[in-house]
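Asker: The following block contains a protein sequence and its predicted model.
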Amino acid sequence: MALRTVADGVRLGALVPGELLNTVVLTGPDGDVVVDAGLPWSGRRLAALLRGRHVVEHAVTHAHGDHVGASAWLCRQTGAPLAMGTADADLFEGGRLDTHAGALGRVVLAPLARERRRVDRRLAEGDRVAGFAVLAVPGHSPGTLALWREEDRVLVVGDGPVNVSSDPAAPRWLPLPRGLHDDPAGADAARRRLAGLRPSLVVGLHGRPVAAPDAWARAAGAR
């Protein structure tokens, strides 16, 4: 059980087998930023992955229950402030997180965000997180964010095409129900925007990294 380095200052930690659900640790000048915290019961695994690390912030790509289930726990254990997109922050602090078009997400995923806390930083397009630029890409949730480092074209995404291949140059895609999006058409537009960046490496919070820009662009652009 260990973080693995996938790019300079970017480490991936699997929260479930097969990297179908991950956390990402970005190392910045002041310490580590932990991106997403998985399910409510991910605390033990997060504690093992982060042992001995100096966590200075917990950033969230989007407030769905499988990404913020252990967020309040993580902030309490590390003392790190919490950051997420404004639209999702308002819901996380006191609203309903059933931002899914289909019943599966509303019934299964939304209740997983049982423990809440105050959001310390509301992120918007152009903000910075550990050397990455924040991109506002709503659709999967109202406040979905991606993180982009232009100098080496590394992209961190919360939900996108899910690669289940261990070979980053030869991805295989796991189809996901469109009903898991808040706004399926908006999610399509967001993915097309991200595909247009032509990232050299895509690090997903679901699935394994992808280093095949053409294959990822085709999958991200697919309806």
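Answerer: Alright, I've got the coordinates. Numbering: from 1, shown residues only.

Asker: Output the below-cut-off pLDDT ranges for this structure.
Answerer: Along the chain, segments meeting pLDDT under 70 span 222-223.

Asker: Report back the residue of it that's furthest from centre.
Answerer: Ranked by distance from the centre of the chain (Cα atoms, centre = their mean), the top residue is Gly52, with 22.6 Å.

Asker: ok, now how distant is that one from Ala37?
Answerer: To Ala37, Gly52 is 18 Å away according to Cβ to Cβ, to the nearest Å. C-beta: built from backbone N, CA, C; applies to glycine.

Asker: all strands of this structure, in order?
Answerer: With DSSP state E, the ranges of strands along the chain come out as 4-7, 10-14, 22-28, 31-35, 55-59, 82-85, 121-123, 128-129, 132-136, 145-149, 154-157, 162-163, 173-174, 201-204.

Asker: all helices for this protein, in order.
Answerer: Assigned helices in the chain, in chain order: 43-50, 65-68, 71-78, 86-94, 103-104, 184-195, 213-221 (criterion: DSSP state H).

Asker: Now do the same contact list for the residue positioned nearest the centre of the chain.
Answerer: What sits nearest the mean C-alpha location of the chain, by Cα atoms, centre = their mean, is Gly158, with 2.8 Å. For Gly158, the contact set (Cβ atoms under 8 Å, 6 or more residues apart in numbering) comprises 36, 61-62, 67, 140, 144-146, 204-206.

Asker: and these, which two are the farthest apart?
Answerer: Leu145 and His206 (15.1 Å; Cβ to Cβ).

Asker: neighbour-wise, which of the two wins?
Answerer: Taking other Cβ atoms under 10 Å, Leu145 and His206 do not tie; Leu145 has more neighbours (28 against 22).
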